[in-house]
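Enquirer: Sharing a sequence plus its predicted fold:
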Amino acid sequence: MNSIIYSRDKINLSDVDYNIEAGKGYLEGTSKFKPVKVELNVSNAKTDQVHYWINEITNQYADFVVTNVKADPNKISFDIGSPSMEDLTAEDIEFRMKEYLDMNVPPFEVKELKVQ
């Protein structure tokens with residue numbers, strides 16, 4: 001029996017943006033939908049950690065598409081929606097965002113969540 005040794009190199013997952021970038025196509029295709037705006041007032045946000053944290057939203061909620069991500073140490077904003085769920089409301093998104101914040105402790109302090 002042969003043994004296989006795997007190397008575990010450190011991977012910076014914050015550089016992986018496939019989920020966020022892939023969402024842009026939905027806004028232009030036949031499955032057009034109107035995303036809602038999410039804004040988080042935060043403190044001590046680091047761009048690479050924010051990017052990874054937002055990318056995880058699309059991993060946990062596969063029906064969501066995230067676009068237009070903007071982040072600085074005090075504010076994070078992005079558009080989010082679902083091309084397969086046209087009746088999704090801002091209240092639905094807010095519920096899921098609060099759920100996501102509870103399940104996935106962010107690497108920054110959230111002072112306020114706004115969903116419009």
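Expert: Cool, the structure landed.
Enquirer: For the chain, which segments count as strands?
Expert: 36-43, 65-72, 75-81, 109-115 (DSSP state E).
Enquirer: Can you add mean pLDDT and distance to residue 100 and give the ones you listed back as TSV?
Expert: For glycine as for every other residue, the C-beta is placed from the backbone atoms N, C-alpha and C. Shown next, in TSV, are these (pLDDT from 0 to 100; distance: least, CB to CB, whole Å):
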stretch	mean pLDDT	distance to residue 100
strand 36-43	97	10
strand 65-72	91	11
strand 75-81	95	10
strand 109-115	97	10
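Enquirer: Which stretch among those is buried most, on average?
Expert: strand 75-81 (a mean of 20; mean count of other CB atoms under 10 Å).
Enquirer: That one to strand 65-72, inter-axis angle?
Expert: 170 degrees (axes from the mean of the first three to the mean of the last three CA atoms, to 10 degrees).
Enquirer: What is strand 75-81 packed up against?
Expert: Judged by 3 or more CB pairs under 8 Å, 6 or more residues apart in numbering; DSSP states H and E, strand 75-81 is in contact with strand 36-43, helix 47-60, strand 65-72.
Enquirer: Touching, residue 43 and residue 75? I think so.
Expert: No - if you go by CB atoms under 8 Å, residue 43 and residue 75 don't touch, sitting 9.9 Å apart.
Enquirer: that older thread, could you dump the strands of the chain to a markdown table with distance to residue 96?
Expert: Compiled in a markdown table, those are given as follows (distance: least, CB to CB, whole Å):
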| stretch | distance to residue 96 |
| --- | --- |
| strand 36-43 | 10 |
| strand 65-72 | 12 |
| strand 75-81 | 9 |
| strand 109-115 | 9 |
